[in-house]
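1. Structure, please.
(one chain, ligands or ions: 2)
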Amino acid sequence: MEKSVSKSSVDFFEKKEAGLKSAKGDVLGSDKADAFSSAKEDISTKTKGNNIVNDESIITLAIESSCDETSCAILKNGREVLSNIISTQIDIHKKFGGVVPEVASRKHVENISIVVEDALEKAGVTMDDVDHIVVTYGPGLVGALLVGLSYAKGLSMATNKPLTGVNHIEGHICANYIQDRNLKPPFVTLVVSGGHTHIVEVLDYNKYNIIGKTKDDASGEAFDKVARAMELGYPGGPLIDKLAKEGNPHAVEFPRANMNDGYNFSFSGIKSSVLNYLNSEKMKGNEINKADVAASFQEAVTDVLCEKTIKAAMELGYDKIALAGGVACNSQLREKMKKMADENNLGLIYPSPILCTDNAAMIGTAGYYRFINKRIDGMELNAVPNLKIGD
Ligand code: ADP
Ligand code: MG
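-> Numbering: from 1, shown residues only. Ligands and ions are numbered 1, 2, ... in the order given. The predicted model follows:
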């Protein structure tokens, strides 16, 4: 997938390395993030557009279109977000109770250039200021991915700026680097999104090791399916989160699945158990207290997520945990994990809600760390709908 670094990329790195060396003395050693951030403080700045952009700062343009959000972000030195434009299609897909792939692709085509132009304008930069382009190439819906990828390739070719492909899930994890500018690997991450539930060891900026994953449904998928069964709407996660605040989390004892299977998860059992409960109560003619069901379901899911993540951190000797993905917005997950992390003297980081759900800023951060490790892709980069972390 990756090609050897092109001539223009070599020139780029030579220029940047020279700049950073003159600014700091020794840089681009083992810990590049440190080098870049400390070098940044030393070098003089000049104004480009409306923003203060260092001569030696790296400006990233990132594009995300893996599912139902078209997004473009501009970042400075990987962690400073100058703009993060997100055009969501939720209102369109709501009518169908889930994302319709064909509709998603068409909407990405309509939105992509507007979103990119908007991101540049909000950041106060032009394409001339941009040093490199980053794009999600998987996992996701193939038609949706191809829109962002084709656009990014076209932009890279037209402007002669290097292109780096990014794994969407690695992007979710990297949202934590934006949230906490001092965060450094290693740490353990719980990735909980609409399509994935993983416990991942983040060994280095570009080095991941999956130690646990769901054997069936993702946790976000379980939230969405349970919400649909209760006719709450789409996406279900935020609606269950809100409704659960009015309910009793111990009203119904739903199963805590796979508690003995290492760091792996299973959510299809609890989902079926909620559906069975709803059906049997209906057949008995009992009125269903939706808030109680939402609170009890959420309690069961968050119990398993928290216990397994804390166990992984403790057993593997990590001192901090990060949360990532859309379900990391869940208020009970955050509270419960915080309480358990405190009890075990573990640090906890989670991104603000806008950085938890799909956005291009997190993709930009992931791409920046690949780029400074000279990971450049060529025009042969293709969408990989089932891309795995670390591929
Ligand atoms: P993907 O990358 O797989 O498309 P996202 O990272 O965008 O998924 O997350 C979307 C998922 O997050 C949806 O399943 C949604 O229901 C869930 N979600 C969003 N907010 C919350 C919340 N507050 N509580 C639980 N789940 C949530
Ligand atoms: Mg996502």
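2. tell me which parts of the stretch 101-250 of the chain are close to ligand 2?
-> Counting by CB under 5 Å from the ion, the residues of the stretch 101-250 of the chain close to ligand 2 are Ser193. (Glycine included, C-beta is placed from N, CA and C.)
3. Strands along the stretch 101-250 of the chain, start to end?
-> Assigned by DSSP state E, counting those that start in this stretch, the stretch 101-250 of the chain shows strands spanning 132-138, 163-167, 187-192, 197-204, 207-213.
4. wait, which of the ones you listed is closest to Ala313?
-> Nearest to Ala313 among those is strand 187-192 (4.6 Å), distances taken as CB to CB.
5. pLDDT on the helix or strand Gly367 falls within, on average?
-> Using DSSP states H and E, Gly367 sits in helix 360-371. Confidence for helix 360-371, expressed as mean pLDDT, is 98.
6. With stretch 319-327 instead?
-> On average, stretch 319-327 scores 97.
7. so does it get close to ligand 1?
-> Yes: counting by CB under 6 Å from any ligand atom, ligand 1 has neighbours in stretch 319-327: 325-327.
8. Could you dump the strands of the stretch 101-250 of the chain into JSON lines and include mean pLDDT?
-> As requested, the strands of the stretch 101-250 of the chain are exported to JSON lines (pLDDT from 0 to 100):
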{"stretch": "strand 132-138", "mean pLDDT": "98"}
{"stretch": "strand 163-167", "mean pLDDT": "98"}
{"stretch": "strand 187-192", "mean pLDDT": "98"}
{"stretch": "strand 197-204", "mean pLDDT": "98"}
{"stretch": "strand 207-213", "mean pLDDT": "96"}
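9. any chance of those in a markdown table, with mean neighbour count and distance to ligand 1 too?
-> Listed next are these as a markdown table, based on neighbours: other CB atoms under 10 Å; distance: least, CB to the nearest ligand atom, whole Å:
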| stretch | mean neighbour count | distance to ligand 1 |
| --- | --- | --- |
| strand 132-138 | 27 | 10 |
| strand 163-167 | 27 | 11 |
| strand 187-192 | 27 | 8 |
| strand 197-204 | 22 | 10 |
| strand 207-213 | 16 | 14 |
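10. Where does the prediction get shaky in the stretch 51-200 of the chain?
-> 51-55 (pLDDT under 70).
11. Please, where are all the helices along it?
-> 90-94, 101-123, 142-159, 168-179 (DSSP state H, counting those that start in this stretch).
12. who's in contact with the last one?
-> Helix 168-179 is contacted by residues 64, 66, 78-79, 81, 136, 138-140, 183, 189, 191, 193, 196, 198, 200, 202, 208, 322-325, 349-352, 355-356, 358-359, 361-363, 365-366, 369, 387, 389 when judged by CB atoms under 8 Å, 6 or more residues apart in numbering.
13. Just the buried residues of the residues of stretch 319-327 next to ligand 1.
-> For these, a burial check counting by 16 or more other CB atoms under 10 Å picks out 325-327.
14. list the buried ones in stretch 271-288?
-> 271, 273-274, 277-278.
15. okay if I get these as CSV plus distance to ligand 2, pLDDT and secondary structure?
-> Below are the buried residues of stretch 271-288 laid out as CSV (distance: CB to the ion, whole Å; pLDDT from 0 to 100; DSSP: H, G, I helix; E, B strand; the rest coil):
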residue, distance to ligand 2, pLDDT, secondary structure
Lys271, 20, 93, helix
Ser273, 26, 96, helix
Val274, 24, 97, helix
Tyr277, 29, 97, helix
Leu278, 28, 97, helix
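16. tilt between the longest helix seen in the chain and strand 207-213?
-> Counting by DSSP state H, the longest helix found in the chain is helix 290-316. Helix 290-316 runs at 130 degrees relative to strand 207-213, counting by axes from the mean of the first three to the mean of the last three CA atoms, to 10 degrees.
17. How far off centre is helix 290-316?
-> 20 Å (CA atoms, centre = their mean, to the nearest Å).
18. Which elements pack onto it?
-> strand 187-192, strand 197-204, strand 207-213, helix 219-229, helix 236-244, helix 268-283, strand 320-324, helix 331-343 (3 or more CB pairs under 8 Å, 6 or more residues apart in numbering; DSSP states H and E).
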